[in-house]
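K.L.:
need a structure here:
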Amino acid sequence: MKDPSRSSTSPSIISEDVIINGHSHEDDNPFAEYMWMENEEEFNRQATLVLEQFLFIAQIEEELWEEEFIERCFQEMLEEEEEHEWFIPARDLPQTMDQIQDQFNDLVISDSSSLEDLVVKSNLNPNAKEFVPGVKYLNI
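P.N.:
Down below sits the predicted model:
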């Protein structure tokens, strides 16, 4: 705190602290803060390079986010597949000829007497022409 008895109404002026028009006395050039404009083209080139680097980094970051999103989608798909019962050939297909024969025997419909009944009750015309895809038949 200052001693009020030592204060005077006129400010003390030290020659080194004199500032004229916002510039200290030590500055030889009052336009020093605007000197960067002398090399404005270089400044613009550097600013453009910085901007290009920023955009490149942003593009890489976006690609990384996209890759991470795709990876998460695949992971979710795999987890979903594991939750459901899916056909797995190594597990679901028979491995030996005996197993294949057993499955084939299970496919037999019935004996021949019921097969004859199917033919007798059929609505199909046994004298009809054979169907050939893509061929038009004329009713004459």
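
K.L.:
nearest residue to the middle of the chain?
P.N.:
Glu66 (2.7 Å; Cα atoms, centre = their mean).

K.L.:
roughly how far does it sit from Cys73?
P.N.:
Per Cβ to Cβ, to the nearest Å, Glu66 is found 11 Å from Cys73. (C-beta placed from N, C-alpha, C; glycine too.)

K.L.:
and Ser122, how far from Arg91?
P.N.:
In this structure, Ser122 and Arg91 are 40 Å apart, going by Cβ to Cβ.

K.L.:
repeat for Met35
P.N.:
Counting by Cβ to Cβ, the gap from Met35 to Arg91 is 79 Å.

K.L.:
can you check Cys73 too?
P.N.:
Counting by Cβ to Cβ, the gap from Cys73 to Arg91 is 26 Å.

K.L.:
how about Phe131?
P.N.:
For Phe131, the distance to Arg91 - Cβ to Cβ - is 40 Å.

K.L.:
before we move on, what about Phe74?
P.N.:
In terms of Cβ to Cβ, Phe74 sits 23 Å off from Arg91.

K.L.:
low-confidence stretches in the protein?
P.N.:
The chain contains residues with pLDDT under 70 at 1-27, 94, 108-115, 137-140.

K.L.:
if we use 80, what do you get?
P.N.:
1-28, 35-37, 82-122, 126, 135-140 (pLDDT under 80).

K.L.:
in it, which spans are strands?
P.N.:
19-20, 23-24 (DSSP state E).

K.L.:
next, count neighbours for Phe69.
P.N.:
A count of neighbours around Phe69, defined by other Cβ atoms under 10 Å, yields 10.

K.L.:
cool, and Glu67?
P.N.:
Glu67: 10 surrounding residues under other Cβ under 10 Å.

K.L.:
report the separation between the residue nearest to the centre of the chain and Phe104.
P.N.:
51 Å.
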